[in-house]
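*Asks:* sequence unknown, structure follows:
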């Protein structure tokens with residue numbers, strides 16, 4: 001039988017629910033469409049291409065304009081340099097050495113990866129979710145208990161090299177990472193499945209985190225979801241965290257990517273993205289990460305790179 005969503009205790013009060021709805025109500029479908037289109041306009045974001053570096057540079061500008069602490073993480077694979085990963089921080093004020101992560105891979109691939117790999121859904125959709133989450137949640141800084149980290153990884157299409165290298169490097173300290181939400185291919189929907197739902201991949205030790213996210217999908221945006229608790233589902237950046245013993249969940253429209261006719265093709269374009277669906281997934285993702293807020297903090301004025 002399906003796993004029942006966990007109902008977070010703090011959402012039971014009308015006041016706290018109203019706060020969360022103020023977060024999710026700011027998600028702007030227009031901003032989402034423009035961001036996805038901007039990423040596609042690079043033509044490719046293949047991890048070793050100049051365009052991928054341009055996209056990371058642009059992403060850094062977005063994060064910095066939000067007042068975030070930002071750095072890039074350079075790395076090599078078998079002696080070959082890859083485009084650095086992008087990492088942004090919103091420091092927590094109560095437990096700053098504990099970390100909550102929302103991440104996605106920025107890079108793309110296709111049969112013509114060096115020149116034409118638009119990656120609207122894979123993974124412009126997840127990258128846009130991270131950028132939109134940063135835009136909205138940064139307005140509430142310093143209103144979070146734990147430090148929020150926003151990651152745009154590269155090298156995922158070659159085997160999650162960027163995330164695995166960063167997580168392994170972070171273990172040297174180590175970072176006290178409490179939760180990770182990875183978002184990958186959350187925009188293409190199959191018209192044969194009405195209404196479309198979201199797959200939530202976890203491992204058998206962190207089903208509770210998946211149930212928590214399931215609650216926000218169901219309660220805040222009316223979206224059904226399927227929890228897949230399987231150590232074998234390792235085909236995105238969440239697995240890099242599993243490898244180091246961290247709890248991580250992975251949101252994807254259809255874990256069977258073979259059902260997506262545009263997967264890793266030059267036709268993965270904005271016209272294939274279901275933007276109303278993508279908007280709802282982003283809203284639920286932001287609501288779930290908003291658990292870290294400190295009650296009573298006021299919102300800063302709304303920022304948008306587009307208007």
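*Replies:* Yep, that arrived. Since we're looking at a predicted model, the values are computed, not measured.
*Asks:* could I get the full set of helices for the protein?
*Replies:* Counting by DSSP state H, the segments of the chain that form helices are 14-24, 29-40, 50-65, 126-137, 161-170, 207-221, 238-243, 275-289.
*Asks:* got CSV for those helices, with distance to residue 117, mean pLDDT and mean neighbour count too?
*Replies:* To be clear about C-beta, it is placed using only N, CA and C from the backbone, and glycine gets the same treatment. Shown next, in CSV, are the helices of the chain (distance: least, C-beta to C-beta, whole Å; pLDDT from 0 to 100; neighbours: other C-beta atoms under 10 Å):
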stretch, distance to residue 117, mean pLDDT, mean neighbour count
helix 14-24, 31, 76, 15
helix 29-40, 10, 97, 19
helix 50-65, 9, 98, 18
helix 126-137, 14, 97, 27
helix 161-170, 16, 94, 22
helix 207-221, 29, 95, 21
helix 238-243, 22, 97, 22
helix 275-289, 19, 95, 23
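*Asks:* who touches residue 148 in this structure?
*Replies:* By C-beta atoms under 8 Å, 6 or more residues apart in numbering, residue 148 lies in contact with 89-90, 92, 99-102, 137, 289, 292.
*Asks:* mind doing that once more with 7 Å?
*Replies:* Counting by C-beta atoms under 7 Å, 6 or more residues apart in numbering, residue 148 touches 90, 100, 137, 289, 292.
*Asks:* tell me the contacts of the third one?
*Replies:* Read it as residue 137. Neighbouring residues of residue 137 by C-beta under 7 Å, 6+ apart: 90, 148, 286, 289-290.
*Asks:* if we go to 10 Å?
*Replies:* When contacts are counted by C-beta atoms under 10 Å, 6 or more residues apart in numbering, residue 137 touches 23, 26, 66, 68, 90, 102, 143-144, 148, 150, 286, 289-290, 292-293.
*Asks:* that older thread, which one of the contacts of residue 148 sits closest to residue 173?
*Replies:* Minimum distance to residue 173 across those is 16.5 Å, recorded for residue 100 (C-beta to C-beta).
*Asks:* does the closest one touch residue 151 like I think?
*Replies:* No: counting by C-beta atoms under 10 Å, residue 100 does not reach residue 151; the two are 11.4 Å apart.
*Asks:* overlap in contacts of these two?
*Replies:* Listed as contacting both residue 100 and residue 151 by C-beta under 10 Å, 6+ apart are residue 180.
*Asks:* still on that earlier bit, of the contacts of residue 148, which is the nearest to residue 226?
*Replies:* Distance to residue 226 across the contacts of residue 148 (C-beta to C-beta) is lowest for residue 289, with 21.0 Å.
*Asks:* nearest residue to the closest one other than its sequence neighbours?
*Replies:* Once flanking residues are discounted, residue 289 sits nearest to residue 102: 5.7 Å by C-beta to C-beta, 6 or more residues apart in numbering.
*Asks:* now residue 276
*Replies:* Nearest residue to residue 276 in three dimensions, chain neighbours excluded: residue 29, at 7.0 Å (C-beta to C-beta, 6+ apart).
*Asks:* then residue 147?
*Replies:* Leaving out its chain neighbours, the residue that sits closest to residue 147 by C-beta to C-beta, 6+ apart is residue 92, at 4.3 Å.
*Asks:* any idea how far residue 58 is from that neighbour?
*Replies:* 27 Å (C-beta to C-beta, to the nearest Å).
*Asks:* residue 105 is in contact with residue 39, correct?
*Replies:* No: Residue 39 lies out of contact with residue 105 (C-beta under 10 Å); the separation is 11.7 Å.
*Asks:* quick check: residue 152 vs residue 227, distance?
*Replies:* From residue 152 to residue 227 the distance is 26 Å (C-beta to C-beta).
*Asks:* so the two - more neighbours on which side?
*Replies:* A side-by-side neighbour count of residue 152 and residue 227, using other C-beta atoms under 10 Å, places residue 152 first with 28 against 18.
*Asks:* specify the beta-bridge partners of that one.
*Replies:* Residue 152 has these beta-bridge partners by DSSP bridges: residue 86, residue 104.
*Asks:* show me the contacts for the closest residue to residue 207 other than its chain neighbours.
*Replies:* If the residues on either side of it in the chain are set aside, residue 207 comes closest to residue 229, at 5.3 Å by C-beta to C-beta, 6+ apart. With contacts defined as C-beta under 10 Å, 6+ apart, residue 229 is in contact with 3, 200-207, 210, 249.
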